[in-house]
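> I would like the atomic coordinates for the input below:
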Amino acid sequence: MPEEFKDNYTQAEALPLMEEEAAAAVEAIPDFPGFSGRGWRASTSDVNNEFKDGYTDLEISYMFDREVGHTQPVREELGKLLRDHWEERGYEIHGEKSQEDDRFGTTDYSVMATRSDGINLWFRVLDRVSLKISYRGAKESEPGEVPYIAPVGGIDPGGEKDVVDDFFPDGIPEDQANRAPVRDPFAEEDVDYEGTL
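Numbering: from 1, shown residues only. Next up is the predicted model:
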């Protein structure tokens with residue numbers, strides 16, 4: 001067992017915690033505009049450039065629609081709201097930077113936050129705007145142990161924009177299709193993304 005990963009979560013433990021962070025982010029943003037897609041991804045972990053069998057790096061990506069991502073509130077205000085939200089939760093803020101993009105006359109922005117257990121959050125404003133939640137060195141779970149968790153932010157669970165094939169290559173199990181252990185405040189009411197954040 002690699003020393004670096006000995007106390008790490010399993011995939012089945014980490015993914016629900018990561019999705020809870022996505023739900024908390026949605027709840028922290030007034031008039032949240034909605035996500036357009038979600039992806040779960042697992043890749044083999046490495047230590048000092050040596051791949052370690054039985055351990056994976058996890059990433060959950062939530063994307064905004066390109067049109068929504070080019071609105072002023074999303075590009076200029078949402079990242080700072082998330083930064084404040086993460087700081088209030090006691091996370092370590094790092095990697096914050098902004099840069100003018102002369103091609104489009106816009107400002108790119110990036111901010112990251114890391115929890116004490118190693119889960120990392122990254123809000124990034126480029127041509128596409130995304131929220132990424134990652135965890136390094138998760139122990140592989142046995143087949144069937146990883147629970148399906150419905151996406152937050154208005155994405156159709158199990159739909160075309162809910163990409164979880166790395167964990168459910170044969171499709172989402174019927175008994176989990178409606179499972180949503182995290183609360184999705186976005187699902188409670190329709191939100192107009194033209195509203196002010």
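
> for the protein, which spans come out with low pLDDT?
1-3, 6, 48, 69, 101-106, 177-197 (pLDDT under 70).

> mind running it again at 90?
Residue ranges of the chain with pLDDT under 90: 1-7, 29-34, 44-54, 64-79, 95-110, 125-129, 143-144, 158, 165-166, 169-197.

> in it, which spans are strands?
Taking DSSP state E as the test, the strands found in the chain are 37-47, 50-63, 92-101, 106-114, 120-125, 129-139, 162-163.

> please identify the buried residues of the first one?
Looking back up the chat, that one is strand 37-47. 37-42, 45 (16 or more other C-beta atoms under 10 Å). Glycine gets a C-beta too; all of them are placed from N, C-alpha and C.

> please apply the same query to stretch 16-27.
18-27.

> check stretch 45-56 too.
Neighbour counts over stretch 45-56 (16+ other C-beta under 10 Å) mark 45, 55-56 as buried.

> contact partners of that stretch?
Residues from elsewhere that reach stretch 45-56 (C-beta atoms under 8 Å, 6 or more residues apart in numbering): 2, 4-5, 8, 11, 42-44, 57, 136-140.

> quick check: PyMOL command selecting the buried ones in those residues.
Applying 16+ other C-beta under 10 Å to the contacts of stretch 45-56, the buried members can be selected in PyMOL as follows:
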select buried, resi 5+8+11+42+136+137+138+139+140
